[in-house]
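Chemist: just coords:
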Ligand SMILES: O=P(O)(O)OC[C@H]1O[C@H](OP(=O)(O)OP(=O)(O)O)[C@H](O)[C@@H]1O
Ligand SMILES: O=c1cc[nH]c(=O)[nH]1
Ligand SMILES: [Mg+2]
């Protein structure tokens with residue numbers, strides 16, 4: 001069974017509090033989401049495999065290490081997942097980026113896919129599906145299905161805020177997937193919003209409503 005990790009680094013928790021604040025405006029919200037995504041990836045990638053290389057320094061030759069294997073793939077779930085991509089690319093500029101367009105039907109809360117473009121050779125990459133919100137879990141379950149259909153082996157899911165309902169849905173449909181969150185909140189309201197959550201992540205990132 002995949003594991004659920006709540007990343008409790010003080011910087012992640014501090015910035016998440018600012019993100020939640022309804023008085024945080026679009027510009028600051030966007031910057032904070034990128035920063036938290038970067039910090040989360042820093043934590044999550046601490047066990048990436050390394051390989052030995054030699055490198056010439058100005059003074060001599062050093063035995064050194066580089067990350068082994070093919071570069072990672074990040075797959076944001078549009079729209080809100082886009083808000084996390086630049087932060088991750090700041091740390092891992094060589095990562096490939098796929099896109100899955102999903103919106104949640106406001107009546108049924110079921111995900112509707114409208115776009116999918118993924119990097120080649122997903123089976124050889126560490127694949128991270130990213131989306132700020134894990135609510136009913138429908139969007140994450142669908143996105144994980146799409147990357148697996150294109151070859152991803154044990155993709156990981158990274159969200160800012162989840163609720164137990166969404167975590168359960170992912171665990172039932174994708175028991176192999178590790179889930180990384182900055183917080184697990186209390187419940188969903190009648191409109192499928194996370195309470196207390198942070199509101200509509202896409203609208204707050206892009207200034208829509
Ligand atoms: O777990 P779920 O119940 O599926 O809900 C989570 C989804 O809802 C939000 O997307 P939304 O449908 O608002 O689309 P947007 O990002 O384009 O605003 C969010 O970014 C997730 O993708
Ligand atoms: O609270 C929520 C739930 C789904 N999508 C959001 O953007 N926010
Ligand atoms: Mg939205």
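Modeler: Everything's here; your move. None of the values given here were measured: they were computed from a predicted structure. Ligands and ions are numbered 1, 2, ... in the order given.

Chemist: contacting residues around stretch 175-190?
Modeler: Identification of contacts with stretch 175-190 by C-beta atoms under 8 Å, 6 or more residues apart in numbering yields 1-7, 12-13, 16, 36, 40, 43-44, 134-136, 144, 154-165, 167, 170-171, 194-197. In this view, the C-beta of every residue, glycine as well, is placed from N, C-alpha and C.

Chemist: What ranges does this protein have for its strands?
Modeler: 4-6, 50-56, 61-67, 73-78, 96-97, 99-104, 111-117, 127-130, 133-134, 156-162, 179-184, 187-188, 194-195 (DSSP state E).

Chemist: Quick check: beta-bridge partners of the most centrally placed residue in the chain?
Modeler: By C-alpha atoms, centre = their mean, the chain has its centre lying nearest to residue 130, at 2.3 Å. For residue 130, the beta-bridge partners are residue 76, residue 158 (DSSP bridges).

Chemist: was I right about it contacting residue 78?
Modeler: No: Residue 130 is beyond contact range of residue 78, at 10.9 Å (criterion: C-beta atoms under 8 Å).

Chemist: ok so, going back, how about a markdown table for the strands of the chain, with mean pLDDT and distance to residue 20 added?
Modeler: What follows is the strands of the chain, written out as a markdown table (pLDDT from 0 to 100; distance: least, C-beta to C-beta, whole Å):
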| stretch | mean pLDDT | distance to residue 20 |
| --- | --- | --- |
| strand 4-6 | 98 | 15 |
| strand 50-56 | 97 | 36 |
| strand 61-67 | 96 | 33 |
| strand 73-78 | 98 | 20 |
| strand 96-97 | 97 | 27 |
| strand 99-104 | 94 | 20 |
| strand 111-117 | 95 | 24 |
| strand 127-130 | 98 | 18 |
| strand 133-134 | 98 | 12 |
| strand 156-162 | 98 | 8 |
| strand 179-184 | 98 | 9 |
| strand 187-188 | 96 | 16 |
| strand 194-195 | 98 | 10 |
